[in-house]
Structure formats: C-alpha cells, structure tokens
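> sequence? don't have it. structure:
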C-alpha cells in the first residue's frame, strides 16, 4: 500500500530538519487546514500534530509563526480544539500552559496568534473547566498583560486576550476570581476596556465578561456598587452627544454628564446588543431596577432608541425599557428570575419577537 503523502512530511517537521523543508511542509499543511474537511484529515495525523505543536517553539521565528497559524485554524473548530487539548508538549505540562507561557513572554513576536488559539480553546464549553485548571494560577499575570497595552515588546497587541477572558468568565470559578479582592478586585482592571477605542476585539471581550457576570444574579449588587461604576462603562457605548434636560442630566453617572460634541456611539452592533442584554439581566431584582432608574438608564435608552436601526438590537432595547418604565407594583415580582413562564407563553413571546424583528 502506498504511503500517505502527509505521512512523508513528518520527517520534515522535526526540529533538526532543514528550515526550508519545514517551511514548505508547514505551508502545505496550512493550506489543508483552510477547510473543515482538511482539518478532519489533519486531526487523524497525531504524529504530525504533535510535531507542529513542538515547532511553535522553533528557533526560527517564521517556522513558529506558520505552526501557530496552523493551530489557529485547527482550534477554530470544536473538534479541533478538543483534540488539541489532549496533546502534551515535550517542554510543558499541557498545550494551554505552553500557550500561556508564550503570551507571558514579552519577547515573543507571534503572541497574537497564540492569543487567538487560547480564545478558541476556551470557547468550547465542554473543554472550559479543563482549561480553567491551568489558567487559575496565572490569571493575574494574564490580566496584567492584557491591561498593559505595551506589554509585548515585539509588536503583538494581545487583543484576543479580551474574548479569552470573556470565555473564561463562563466558569463559576473564574467569575469568583474576577470579583474577589486579591489584593485588588481583578474586574476593576478589565472595566476600562469596555470603552477602549483602540480595538473592537478588546471592547467586545470586556463587555462580554460583564455580560457573563450579569447572568449570575449573586453578582448584581457587586456589579452595581459605587466601587465599580459599571453603569458608567455600560451606558457610554449607547450614548452620543445628545443633550438632556438638567433634571435628567443630574441623574446620569457623573462621568456621563455633559459629554463632548465628538462623542459617538459604539459602532459594533454585537457590542451594543451585549450591553443591552447585560442591562436586561441587571433588571432581575427590584433593588437593581430602582438603581438603574435612579441613574437615568431610561433616559439614555430613550435617546438611543431613536438612533438604533438594527431590529434585533431595537428589540433588546425595548425589552429593557419595558421593565424600567413600569412601577414596581406593575412589575409584580421582587425577583424576575423566580417567575415561571408557561411553555406555551414562552413560545408565544418568541413568536412575537420574531414578528417584531421582521416588521422593523
């Protein structure tokens, strides 16, 4: 039986192989990884994948880059990410630790590709807790790297640490870490990036992290505390340079009063939607709803609704407004999460939402 041509590449993927042959072999594999069917083929070649993982630490940077880009493609699929987590590099306890160390090395040129791999690996729900075991001891170091926009000395921006943190915050253990003093509350470092103009990826990651925390009502009081000023960061993306009457302006968070003429709303529709979903979740309990009203959230949403064009985001906005404009005796529940909605009514509401989106 003729040997599989891919198996013949294995000899050229060894550390001692000629550099030009490594390049040619990796470029060929990179082309194969451009399709899901190609990735399926590569996942069956365990020795080749093991060799590619080893080459991410090759002494020639261009070889490292090609190996990393190949792993970016593979980890982008659920099966690829799950399979990669099974490998053990010769010089690290697992691939997650290998890539974390790569990111924390300030002199690694291709750290951005590694951040993409970590984002891909942590996106897979079934593998998240496996990853968290390795992440927890070094989360402070990674957050420091993320918060320092000049951390990497070779030009890598590390923006994809944003979605990585968002993915990790789906874990209860990471949410606990984000909100506990040790010696400072980690979330405080992340919050400013909700409004970071330099990267939509960082903004999305920061907002996504807040949204994931908001799904857990035990953190609502913490999120809305004066220490964090979360509403300042959440409302800013929804605000332009509109003027408010003095009685309404006085209710807004101090940092959002009298914004400059050049203030623009968030350009990314997904981020705007995540902000509104977060505000919706924060309406779960009466104390939180009253705090949102007292901070002028309704006024911001009223003006924002006039500007928004996307039907799904308009619906998300109206869902929050519908809660905030009601008096508490009309809301009829101290905690909305405790209200049981019959299945037939759930389907009816979903149909109403679908019809609304189509009609806008």
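Structure received. This is a predicted model, so every value here is computed, not measured.
> hmm, who's touching the helix or strand where residue 62 lies?
Element membership for residue 62 (DSSP states H and E) is helix 61-75. The contact list for helix 61-75, computed with Cβ atoms under 8 Å, 6 or more residues apart in numbering, reads 19, 22-23, 26-27, 29-30, 33-34, 39, 42-43, 49, 52-53, 55-58, 80-81, 83-84, 109-110, 113-114, 116-117, 120-121. Using the backbone N, CA and C atoms, a C-beta is placed for each residue, glycine as well.
> Contacts for stretch 227-239, please.
Contacts for stretch 227-239 (Cβ under 8 Å, 6+ apart): 185, 187-188, 191-192, 194-195, 203, 206-207, 210, 222-224, 252-253, 255-256, 259, 263, 265-266, 271-272, 275-276, 278-279, 292, 295, 297, 300-301, 303-304.
> picking that back up, out of the contacts of helix 61-75, which are buried?
If you count burial by 16 or more other Cβ atoms under 10 Å, the buried members of those come out as 22, 26, 29-30, 33, 39, 42-43, 49, 52-53, 55-58, 80-81, 83-84, 110, 113-114, 116-117, 120-121.
> Return the set of buried residues in stretch 117-128.
117, 118, 119, 120, 121, 122, 123, 124, 127, 128.
> Max pairwise distance over these: which two?
With Cβ to Cβ as the measure, no two of the buried residues of stretch 117-128 lie farther apart than 117 and 128, at 14.9 Å.
> wait, what's in contact with residue 93?
Going by Cβ under 8 Å, 6+ apart, residue 93 touches residue 134.
> Let me know the pLDDT of it.
On pLDDT, residue 93 comes in at 92.
> Look at it and give its secondary structure.
coil (DSSP: H, G, I helix; E, B strand; the rest coil).
> So it versus residue 174, what's the distance?
Residue 93 sits 20 Å away from residue 174, taking Cβ to Cβ, to the nearest Å as the criterion.
> Okay, domains of the protein per the record?
Partitioning the chain according to automatic domain parsing yields domains covering residues 1-83, 92-214, 245-262+273-360.
> For residue 300, give me its contacts.
Contacts of residue 300 (Cβ under 8 Å, 6+ apart): 235, 238, 239, 252, 256.
> how about the nearest residue to it, chain neighbours excluded?
Closest residue in space to residue 300, ignoring its immediate chain neighbours: residue 235 at 5.1 Å, by Cβ to Cβ, 6 or more residues apart in numbering.
> From the centroid of the protein, which residue is nearest?
In the chain, the C-alpha closest to the average C-alpha coordinate belongs to residue 163, at a distance of 2.6 Å (Cα atoms, centre = their mean).
> Sticking with that one, tell me its helix or strand.
Going by DSSP H and E, residue 163 is part of helix 161-168.
> swap in residue 158?
Residue 158 belongs to no helix or strand, assigned by DSSP H and E.
> what ranges do the helices span in the stretch 201-350 of the chain?
For the stretch 201-350 of the chain, the helices defined by DSSP state H, counting those that start in this stretch cover 220-223, 230-235, 246-249, 269-281, 286-294, 297-307, 311-324, 328-331, 343-359.
> Next up, the contacts around the residue nearest to residue 99 when sequence neighbours are not counted.
Excluding its sequence neighbours, the residue lying closest to residue 99 (Cβ to Cβ, 6+ apart) is residue 114, at 4.8 Å. With contact set as Cβ under 8 Å, 6+ apart, residue 114 has these partners: 56, 68, 99, 102, 103, 108.
> quick check, nearest of these to residue 178?
Checking the contacts of residue 114 against residue 178 by Cβ to Cβ gives residue 103 as the nearest, at 18.6 Å.
> residues near that closest one, how many?
Residues near residue 103, counting by other Cβ atoms under 10 Å, number 26.
> Quick one, grab the pLDDT at it.
For residue 103, pLDDT reads 98.
> Same check on residue 330?
72.
> what about residue 25, distance to residue 49?
From residue 25 over to residue 49 (counting by Cβ to Cβ), the distance is 13 Å.
> Tell me which residues of stretch 96-106 come out buried.
Per 16+ other Cβ under 10 Å, stretch 96-106 contains these buried residues: 96, 97, 98, 99, 100, 101, 102, 103, 104.
> Please apply the same query to stretch 230-248.
For stretch 230-248, by 16+ other Cβ under 10 Å, it's 230, 231, 232, 233, 234, 235, 236, 237, 238, 239, 244, 248.
> Quick check on the contacts of stretch 227-239: which are buried?
When those are checked for burial by 16+ other Cβ under 10 Å, the buried set is 185, 187, 191, 194-195, 203, 206-207, 210, 222-224, 252-253, 256, 259, 265-266, 271-272, 275-276, 278-279, 292, 295, 297, 300-301, 303-304.
> Verify the stated contact: residue 26 with residue 13.
Yes. Between residue 26 and residue 13 there is a contact under Cβ atoms under 8 Å: 7.4 Å.
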